[in-house]
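Chemist: Based on what follows, work out the 3D shape:
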Amino acid sequence: MKTLALLTILACARAASADPRIVSATIDESQLALAWDNLKDSTEEPAGKLVLASDATRLAPLKLVAGDVIRAVDGHPAIGMARLRPYELGSGNVLYLEVSRVGQPILVRVAYTVETVQTGVITSDQIAGDYASIKSDVAHLRRATKAGKPSGVVVVDSMLVFYSGDVVRSLDGVAVTSPDELVAAFNKLSSKSSIVVKLDRADTAVTLTARIDKVVPDEMQQKIDAGIKKVDDTHYTVDKAVIEAVLANPMAVAKGARVVPSVKDGKPDGFKLYAIRATSIYARLGLANGDTLTAVNGMPLTTADKALEVYTKLRDAKALAVAITRRGKSITLNYTIR
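Modeler: Predicted coordinates for the structure are as follows:
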């Protein structure tokens, strides 16, 4: 995958210029994530992530300067990319940024190091939500093999302290070589105060220690838990009390996910969801990381103004059909308000 992505980027660069510049940079993982944070999307052609003057110091280690437009990362469009976790792009320990600088293409080769010892914090409600998620849909996890033998569990969708592409080897010293074993390990976490995970991330062996904080559900969470019921994979019932509670205090649920505008072929096409908390209203409604919300009851969600218009029209609706794009496929989630 990495080779194909690199060839694609090089082909694009060569098409624009007979002699594209190639720049090399080296950075550690934590600096990389920080450098990308809060970059602004720009739809002014060439569309991408625009480096503002206020970003220049933070992005200097990536050999980027004010005015640069990051067009793509390992062949993936940069616009709409809210976070940069290169190991989720399948790029190993090197990634490539296709950049437009004063109208000229530059290819930035970024070598990064993954920290071999890491710490984190997870909460009991995250554990409960993710356990329910992987128990009902084991496709979040896949068996890893090495030389034909079980060697660990590949994480498909980010959860808890795991990122997509991680290969989990053990939890608290107990080897996990199948999704069922990791699901069983999840079930034991509620009684623990911390866990130690051995995993491979971007071809680097990592030891991760995570503290587990106990969380008592607040009144809003209790209403969400009790008021949203899954009928099947695309149908849900939602109590009117949940809607009223969210409308009365929208900030209470806003932290449950990161919502960013999505752009396709240079045009707004909806809103993309990232960093969905497992116990949030977004997760309870069947939404997943990477989903793009495109329409509600046939009305497009192309801009914030359109979303507000849809909200005004549908505030008292008895049923909602939410169109989303998930991993390139169109899906409709149906909600009955009662």
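Chemist: Where does the prediction get shaky in the stretch 201-338 of the chain?
Modeler: By pLDDT under 70, the low-scoring segments of the stretch 201-338 of the chain are 215-217.
Chemist: any chance you could map the helices in it?
Modeler: 219-227, 240-248, 251-254, 281-284, 304-314 (DSSP state H, counting those that start in this stretch).
Chemist: Let me know which of the ones you listed is the nearest to Gly80.
Modeler: Comparison of the helices of the stretch 201-338 of the chain against Gly80 by C-beta to C-beta identifies helix 304-314 as nearest, at 14.6 Å. For every residue, glycine as well, the C-beta is placed using N, CA and C.
Chemist: Using neighbour counts, pick out the buried residues of the closest one.
Modeler: Across helix 304-314, burial judged by 16 or more other C-beta atoms under 10 Å covers Lys306, Ala307, Val310.
Chemist: what do you get for stretch 199-210?
Modeler: In stretch 199-210, counting by 16+ other C-beta under 10 Å, buried: Leu199, Asp200, Arg201, Ala202, Val206, Leu208, Ala210.
Chemist: which residues touch the nearest residue in space to Ser280 that is not next to it in sequence?
Modeler: Counting by C-beta to C-beta, 6 or more residues apart in numbering, the nearest residue to Ser280 once its immediate chain neighbours are dropped is Gly256, at 2.7 Å. Shown in contact with Gly256 (C-beta atoms under 8 Å, 6 or more residues apart in numbering): Ile276, Arg277, Thr279, Ser280, Ile281, Tyr282, Ala283.
Chemist: With distance to Val176 added, can I get those in JSON lines?
Modeler: What follows is the contacts of Gly256, written out as JSON lines (distance: C-beta to C-beta, whole Å):
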{"residue": "Ile276", "distance to Val176": "24"}
{"residue": "Arg277", "distance to Val176": "24"}
{"residue": "Thr279", "distance to Val176": "23"}
{"residue": "Ser280", "distance to Val176": "26"}
{"residue": "Ile281", "distance to Val176": "31"}
{"residue": "Tyr282", "distance to Val176": "28"}
{"residue": "Ala283", "distance to Val176": "23"}
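Chemist: Closest one to Lys240 out of these, please.
Modeler: Among the contacts of Gly256, and counting by C-beta to C-beta, the member closest to Lys240 is Ile281, at 14.3 Å.
Chemist: Highest mean neighbour count out of the helices of the stretch 201-338 of the chain?
Modeler: helix 281-284 (a mean of 22; mean count of other C-beta atoms under 10 Å).
Chemist: Give me the contacts around stretch 261-272.
Modeler: So stretch 261-272 is contacted by 41, 43, 45, 47, 77, 79-80, 82, 259-260, 290-295, 300-304, 307, 325 (C-beta under 8 Å, 6+ apart).
Chemist: Of those, keep whichever come out buried.
Modeler: 41, 47, 77, 79-80, 82, 259-260, 290-295, 300-302, 307, 325.
Chemist: Now, the residues you listed that are in strands?
Modeler: Among the buried ones among the contacts of stretch 261-272, the ones falling in strands (DSSP state E) are Asp41, Pro77, Val259, Val260, Thr292, Leu293, Thr294, Ala295, Pro300, Thr325.
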